[in-house]
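Asks: give me the fold of what follows.
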Amino acid sequence: MSGRAPAAADSQPLAKTTSANTVQCISCGLQSVYVDPKTNGRYTLKTTLIIDKNGLVNKVEFQDAPSDTLADSIRRSIMQWIFLPLLKDGSPVDVKLNTVVNVVSVRAR
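Replies: Reported below is the predicted structural model:
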């Protein structure tokens, strides 16, 4: 099951639509800028989140992240996100969310 979550005021990564079958984020934010030894620029990362029935992120995967260091930094932030549990037939369920995150990275010297 997948859905989209609205973004928090301090982030822009997730869609802003909601419905009965949509994952809704209640605490989702990213740093404004990430420092990384290998990357510099703006990136849009295809991201898959596994969210448990309690609304907590259990797993984060990126498709084609520009560096492992940047992916690890973003993953640590996303692992702190909290969602409203998605209900199916009145009971909370685990959900797989495919989305994108937009980040800015500055190369460390």
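Asks: to which secondary structure element is Ile74 assigned?
Replies: If you go by DSSP states H and E, Ile74 is part of helix 68-78.
Asks: show me what that helix is packed up against.
Replies: With contacts defined as 3 or more CB pairs under 8 Å, 6 or more residues apart in numbering; DSSP states H and E, the packing partners of helix 68-78 are strand 34-36, strand 41-51, strand 57-63, strand 95-107. Using the backbone N, CA and C atoms, a C-beta is placed for each residue, glycine as well.
Asks: for those strands, give me CSV that also has mean neighbour count.
Replies: Shown next, in CSV, are the helices and strands packed on helix 68-78 (neighbours: other CB atoms under 10 Å):
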stretch, mean neighbour count
strand 34-36, 19
strand 41-51, 16
strand 57-63, 15
strand 95-107, 17
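Asks: ok, Asn58 to Ile82 distance?
Replies: Distance of Asn58 to Ile82, given as CB to CB, to the nearest Å: 12 Å.
Asks: kindly apply the preceding question to Asp94 instead.
Replies: According to CB to CB, Asp94 stands 15 Å off from Ile82.
Asks: and the residue nearest the centre of the chain, what does it touch?
Replies: In the chain, the centroid-proximal residue (CA atoms, centre = their mean) is Ile78; its distance is 5.1 Å. By CB atoms under 8 Å, 6 or more residues apart in numbering, the residues touching Ile78 are Cys28, Leu30, Thr47, Leu49, Val57, Val60, Val101.
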